[in-house]
Each structure stands twice: as structure tokens, then as C-alpha cells.
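Trainee: just a sequence and a predicted model for now, questions to come.
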Amino acid sequence: MTLPPAPRCSFASDNFAGAHPRVLDAVVAANTGHVMAYGADVHTAECEARFRELFGPSAQTFLAFTGTGANVLALATMLKPAQAVVCTNWSHIAVDETGAPERILGAKLIDLPSVDGKLHPEQLDELSHLIGVIHHAQPGVVSLTQSTELGTLYTPDEVAALCETAHRLGMSVHVDGARIANAVAALGGTVAALRSLTVDAGVDVLSFGGTKNGLLGGEAVVYLNSEMATVAPFVRKQVTQLASKMRFVAAQFNALLDDGLWIELATHANEMAALLHRRTVDLDGVELGALPRVNSLFPRLPAAAIEPLREWCFFWDWEVSTHQVRWMTAWDTTVDDVEVFAEGVAKILATCN
Ligand SMILES: Cc1ncc(COP(=O)(O)O)c(C=O)c1O
């Protein structure tokens, strides 16, 4: 079997991608002279204004270095003593943050079972028996991931229903939007779509992802409920997310938010996942679900195909026992990368059938 040369991009994660040239140019352009540190600079002011344009005049934005840091900052400012965070058993905060929320917040995570990576309002109602009982951590914050760790999406109505239920039960709502751009792109790619998923739906605090969508590194915690932002300047420092040279994080976001680049890049990543689905869904041995809405696919493959394929072009396992893997596209995945990858998949599968 002769395989083509491996694609230029892996299909492992959007974290594997580099930074967009316009983001790099913005960092270079911001690299002039001395400016005030810790966010008292023009780039950060511009960035905060850009987020106000997206979310409305009362939105308050706090930049952070990492997605885990953004989530911890958001949750730390939302939780009261003895409260717990409600999330799914797939959520990044429960599974992939090395226990950072538990350690740093000193709070329990109630990670509810989910087959689609989403929470449903009934699950929140079912927690009401905990409320007011002194022996139980009190459900205080609901944390949703958008788009989810399983590549699914909450619709605006679903987010609104969760917010309504959470607020009725006295909880606030956080969205881990490490891939919010992919969700917005899937729902039409407009500012109206972003708002319908967040501020209009009643979300209190959003972790707005940048790193997976073309930044060198940077995330933003956007407070849509401005009361919760009061302590954020202090808590950000405590949880080690206050950048002294904040201009460089801000400059990256300014480039990403300029002229809709964030939507363009996420739309492209989603389209590349859809193309990969079309090219592989009918191959003998590939078990794929429906067309992806965002930038990840979770195929089941013949066990014997996985290692040779991965050796040729890297990707991660998802569920080893069922031979399920994850293929993820990124802002810089090209049509050619997808075509070559699909050709390699077909060739390797042909040797297994
Ligand atoms: C859903 C989700 N949230 C947050 C993050 C951010 O994590 P990190 O701390 O690695 O930037 C990730 C990264 O994989 C993620 O998938």
C-alpha cells in the first residue's frame, strides 16, 4: 500500500493549529515602546470596547491566558460559599482541567450524566431537592459548554430554557465558550446569533475562546451580568490570569474581532469538518453519525486501522473500547488536507476489509 504524503495539518485538535497571520501582525504592531501594564493600555481599552459592541454597553471583559484559567476566573466570581457547579460528565471543567476548579474554587462539581454533551432543564429541576438542605453543597452555578465537547450545539431556545430554569432555582449560568465561535458560525455567523446564544438567552458569564480560533493564546471572560464583575479584577489576579503585558493578549483579540475574522475562521473550520464527513461517511468500515454542526467528528473505525492511520496523520482516541476516535479540523485546515486525509483513510481501510 502506498500512502500519499501526510496532510500538512493533523486532525487532532484545533489547539494544534498555529496563529493566524493577522493575529501575529497585530502582536508585532503592538510591540512598540512602553505602555501601562496590567491592562491600562490602549489595546486593552479597544478590546473591551469591541466586546461591548458585540454584547452591549454593560458587558465587562477580563482577558485571560488559558481556557482553564478563564473558566476558573468566571466560576470563582460566580460562586458563593458552600455552592456547587452543575455541569455534564463530559464537561472540560469536570474532565480536562486536572481538578483546577475543585482545587482553586474549593467547590464541588455536580457532573450530571449526558448522552449528547448537553444539560437539559429537567436535570436542573431534579436538583431542587438539594436546595436548602444543610448537608448538601448548594447548586449555585450551571456551566454549559458551547459548542459541546461532543460536537453538539445548544440552540438559543435551549440556552434560554436552561437560563430560565437555573435563575428560577436561584442559580446563575456560565458558558464555557472555548468554541463559541464555532457554535455561532453554525447558527448563521452573525452578531445576532452570538447574542441569541448568550446575552439574549440570559447567560450571566461567558468564557469566550480565542486560542482555538487563531490566537497565539488568549481567552476572554465576558460578564453579561455586570454585578458579578465587581470582584473580577481582584479574582483574576488571585487565580493567576492577570497579564502584566496585557496589550499582547488584547491585540490578538482586536485582530480576531476585526472585520468578522473570528466568524470567518470558525466557519471555515466547521466547513472542513463537513467536507471530511462527506469524504469518509460512505467508506466501508467507517461508522460516522450525522453531518457535524461544528469542527469535530467522532468516527468508529476498524481497530486494525487506527494505529497505521494515526502514525501517518495524528489524531486522538475518543473511546478506546469501542474504537472511536476524534477528528478535529481547525481554522487552518485546507481542502487539500481533507482530501489527502480522506484518501489515506480509504487506503488504510481497504487493507483492513
Ligand atoms: C470545552 C473546552 N473548554 C476549555 C478549554 C481550554 O483549555 P486550556 O486550558 O487548555 O486552554 C478547552 C480546550 O481543549 C475546551 O475544549
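Mentor: Perfect, thanks for sending it. The shown structure was predicted, so the numbers you read here are calculated from the model rather than taken from an experiment.
Trainee: surely E219 meets L206?
Mentor: No - counting by Cβ atoms under 8 Å, E219 does not reach L206; the two are 10.3 Å apart. Yep, even glycine has a C-beta here, placed from its N, CA and C like the rest.
Trainee: pick out the residue in the stretch 201-350 of the chain sitting closest to the ligand.
Mentor: Nearest residue of the stretch 201-350 of the chain to the ligand, counting by Cβ to the nearest ligand atom: T211, 5.6 Å away.
Trainee: from L349, how far out is that residue?
Mentor: The span separating T211 from L349 equals 33 Å under the rule Cβ to Cβ, to the nearest Å.
Trainee: also F234?
Mentor: 55 Å.
Trainee: these two: which is more packed in?
Mentor: Each of F234 and L349 has its neighbours counted (other Cβ atoms under 10 Å); L349 has more, 20 against 11.
Trainee: so who does the closest residue to that one other than its chain neighbours touch?
Mentor: Nearest non-adjacent residue to L349, counting by Cβ to Cβ, 6 or more residues apart in numbering: G285, 4.5 Å away. With contact taken as Cβ atoms under 8 Å, 6 or more residues apart in numbering, G285 is in contact with 301-302, 305, 349, 352-353.
Trainee: now do the same for V340: helix, strand or coil?
Mentor: Taking DSSP: H, G, I helix; E, B strand; the rest coil as the rule, one finds V340 in the helix state.
Trainee: secondary structure element for the residue nearest to it when sequence neighbours are not counted?
Mentor: In space, and not counting its chain neighbours, V340 is closest to P7: 4.5 Å by Cβ to Cβ, 6+ apart. Using DSSP states H and E, P7 maps to neither a helix nor a strand.
Trainee: P7 against D337, yeah?
Mentor: Yes - look at P7 against D337 with Cβ under 8 Å: they come within range, at 3.9 Å.
Trainee: for the stretch 201-350 of the chain, just list every one of the strands.
Mentor: Counting by DSSP state E, counting those that start in this stretch, residue ranges of the strands within the stretch 201-350 of the chain are 205-209, 219-223, 296-297, 316-319, 324-328.
Trainee: could you dump those strands to TSV with distance to F65, mean neighbour count and mean pLDDT?
Mentor: TSV is the format used below for those (distance: least, Cβ to Cβ, whole Å; neighbours: other Cβ atoms under 10 Å; pLDDT from 0 to 100):
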stretch	distance to F65	mean neighbour count	mean pLDDT
strand 205-209	12	28	98
strand 219-223	7	26	98
strand 296-297	24	26	98
strand 316-319	23	13	96
strand 324-328	22	22	98
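Trainee: dump these to CSV, plus distance to the ligand.
Mentor: Below are these laid out as CSV (distance: least, Cβ to the nearest ligand atom, whole Å):
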stretch, distance to the ligand
strand 205-209, 7
strand 219-223, 7
strand 296-297, 10
strand 316-319, 11
strand 324-328, 10
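Trainee: relative to E122, which of those is closest?
Mentor: Taking Cβ to Cβ, strand 205-209 is the member of those nearest to E122, at 23.4 Å.
Trainee: name the residues that touch the closest one?
Mentor: 51, 61, 67, 70-71, 74, 77-78, 172-181, 198, 219-225, 228.
Trainee: for stretch 16-34, same thing?
Mentor: 9-10, 43, 212, 214-216, 247-248, 250-252, 254-256, 258, 261, 265, 330-333.
Trainee: so which bits of the protein are right by the ligand?
Mentor: 15, 66-68, 92, 145, 149, 176, 178, 211 (Cβ under 6 Å from any ligand atom).
Trainee: from those, pick the one nearest the ligand.
Mentor: G67 (2.0 Å).
Trainee: hang on, the earlier thing: what sits against the residue nearest to V340?
Mentor: By Cβ under 8 Å, 6+ apart, the neighbours of P7 are 313, 336-338, 340-341, 344.
Trainee: most neighbours, which of these?
Mentor: Most surrounded of the contacts of P7: other Cβ under 10 Å gives F341, at 27 neighbours.
Trainee: so how far is E343 from the residue lying closest to that residue once chain neighbours are set aside?
Mentor: Once flanking residues are discounted, F341 sits nearest to P7: 4.9 Å by Cβ to Cβ, 6+ apart. Separation of P7 from E343 (Cβ to Cβ): 9 Å.
Trainee: which residues of the stretch 251-353 of the chain fall in helices?
Mentor: Taking DSSP state H, counting those that start in this stretch as the test, the helices found in the stretch 251-353 of the chain are 261-280, 303-312, 335-352.
Trainee: which of the residues in the second one are buried?
Mentor: So the one you mean is helix 303-312. Neighbour-count burial for helix 303-312 flags 305-306, 308-310, 312 (criterion: 16 or more other Cβ atoms under 10 Å).
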